[in-house]
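J.: Predicted coordinates and the sequence they were generated for:
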Amino acid sequence: MKVAVLGARGRMGAEVCRAVEGADDMELVAAVDQGDALDALTAAEAVVDFTSPGVVMDNLRWCVEHGLHAVVGTSGFDPARLDAVRSWQAAGPGGNVLIAPNFGIGAVLMMGFAARAAPFFESVEVVETHHPNKVDAPSGTAYRTAQLIAAARAEAGVAPSPDATTEELAGARGTDVDGVRVHAVRLSGAIAHQEVVLGGHGEIFTIRHDSMNRESFMPGVLLSLREVAGLPDRLTVGIESLLGL
Ligand SMILES: NC(=O)C1=CN([C@@H]2O[C@H](COP(=O)(O)OP(=O)(O)OC[C@H]3O[C@@H](n4cnc5c(N)ncnc54)[C@H](OP(=O)(O)O)[C@@H]3O)[C@@H](O)[C@H]2O)C=CC1
Ligand SMILES: O=C(O)C1=N[C@H](C(=O)O)C[C@H](O)C1
């Protein structure tokens, strides 16, 4: 299949270009970065976007309006952004869009395990750690994890995590995502790491995932490229269904 990469000179985009060039069933037909014309994308059957939260919506709208399938790794997708994508797709034939907060297999499993464990513990918080060049906080993975945890706890009728804080230096308790506290650490030497910490009656349960390099995301990206055209929904969030989860 013919693949184009948006953000091709970035940390992830460059890794995706290498992975696509190394795949027997794929051909890299366009490597597009800041300042390049998007027209080159039309040579592709599917486009991969690893740019930044500030520009991904314009890129994605262009892809949808030009009928291209898109695999998106860029972070920053809240419910309003997902609704915007659906509205563009509803306006025309468009292509399928797959948006994955994390393409790492272990990270996907970590999110699933966290949601499964969340109703069994009184308290739960998410701590993500990333390299200091990351422009957004919290990470898309942490945001998605918190959403999944909150949904699982709501469905089970679990009370909010107890927290008696009444005096706080701004930010000390992290940010609130659907009632779940999320903390972002930026650390030289780090790539992408996350802990979900659950606390109950005399026990603490920690679920941890570490991405040691950016190659770790490539099996998920290539799988997504192979599957995106045949997905049952025009917009899919996460690669869980592609992994049979
Ligand atoms: N889903 C997942 O599994 C993963 C997701 N990510 C996410 O991917 C995104 C990119 O991360 P990373 O590669 O580290 O970031 P980088 O900053 O290294 O790469 C982004 C690239 O996009 C370029 N760019 C900026 N604007 C445009 C534009 N309008 N069109 C085309 N290219 C553009 C940048 O150029 P310039 O530098 O000149 O601005 C840069 O080369 C982030 O949102 C990150 O969170 C990262 C890892 C895994
Ligand atoms: O910017 C990164 O590096 C990463 N971004 C994604 C996110 O925001 O969750 C995925 C992974 O954590 C690496």
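T.: The structure has been received and is ready for your questions. Ligands and ions are numbered 1, 2, ... in the order given.
J.: Need the phi and psi values for whatever residue of the chain ends up closest to ligand 1.
T.: Going by C-beta to the nearest ligand atom, ligand 1 is nearest to Gly10 of the chain, at 2.0 Å. For glycine as for every other residue, the C-beta is placed from the backbone atoms N, C-alpha and C. Main-chain torsions, Gly10, degrees, to the nearest 10: phi -80, psi 180.
J.: ranges for the strands of the protein?
T.: Along the chain, the segments classed as strands by DSSP state E run 2-6, 27-32, 46-49, 69-72, 97-99, 123-130, 175-177, 180-186, 192-199, 204-211, 235-237.
J.: who wins for proximity to ligand 2 among these?
T.: In terms of C-beta to the nearest ligand atom, the element of these nearest to ligand 2 is strand 192-199, at 3.6 Å.
J.: before we move on, the earlier item: turn the strands of the chain into TSV, columns for mean neighbour count, distance to ligand 1 and mean pLDDT.
T.: As requested, those are exported to TSV (neighbours: other C-beta atoms under 10 Å; distance: least, C-beta to the nearest ligand atom, whole Å; pLDDT from 0 to 100):
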stretch	mean neighbour count	distance to ligand 1	mean pLDDT
strand 2-6	25	5	98
strand 27-32	19	6	98
strand 46-49	27	8	98
strand 69-72	28	8	98
strand 97-99	26	8	98
strand 123-130	22	8	99
strand 175-177	15	16	98
strand 180-186	19	12	98
strand 192-199	21	6	98
strand 204-211	16	7	98
strand 235-237	19	11	98
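J.: Reformat the ones you listed into a markdown table and put distance to Gly106 next to each item.
T.: Compiled in a markdown table, the strands of the chain are given as follows (distance: least, C-beta to C-beta, whole Å):
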| stretch | distance to Gly106 |
| --- | --- |
| strand 2-6 | 24 |
| strand 27-32 | 27 |
| strand 46-49 | 21 |
| strand 69-72 | 19 |
| strand 97-99 | 19 |
| strand 123-130 | 14 |
| strand 175-177 | 21 |
| strand 180-186 | 19 |
| strand 192-199 | 10 |
| strand 204-211 | 5 |
| strand 235-237 | 19 |
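J.: Enumerate every residue touching the closest residue to Asn213 other than its chain neighbours.
T.: Once flanking residues are discounted, Asn213 sits nearest to Ile191: 6.4 Å by C-beta to C-beta, 6 or more residues apart in numbering. When contacts are counted by C-beta atoms under 8 Å, 6 or more residues apart in numbering, Ile191 touches His130, His131, Asp210, Ser211, Met212, Asn213, Arg214.
J.: Model confidence for Ile191, exactly?
T.: pLDDT for Ile191: 98.
J.: List of residues touching stretch 21-34?
T.: Stretch 21-34 has contacts (C-beta under 8 Å, 6+ apart) with 1-10, 13, 17, 20, 38, 40-41, 43-44, 222, 225-226.
J.: gap between stretch 85-95 and the chain center?
T.: The chain centre lies 21 Å from the centre of stretch 85-95; the measure is C-alpha atoms, centre = their mean, to the nearest Å.
J.: Buried residues, it. List them.
T.: Neighbour-count burial for stretch 85-95 flags Val85, Trp88, Gln89, Gly94, Gly95 (criterion: 16 or more other C-beta atoms under 10 Å).
J.: Whichever of the contacts of stretch 21-34 end up buried, select them in ChimeraX.
T.: A single ChimeraX command selects the buried members of the contacts of stretch 21-34 (16+ other C-beta under 10 Å):
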select :1,3,4,5,6,7,8,10,13,17,20,38,41,44,222,225,226
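J.: Now intersect the contacts of stretch 21-34 with the helices, please.
T.: Among the contacts of stretch 21-34, DSSP state H puts Gly13, Cys17, Val20, Leu222, Leu225, Arg226 in helices.
J.: restrict those to contacts with ligand 1.
T.: Gly13 (C-beta under 6 Å from any ligand atom).
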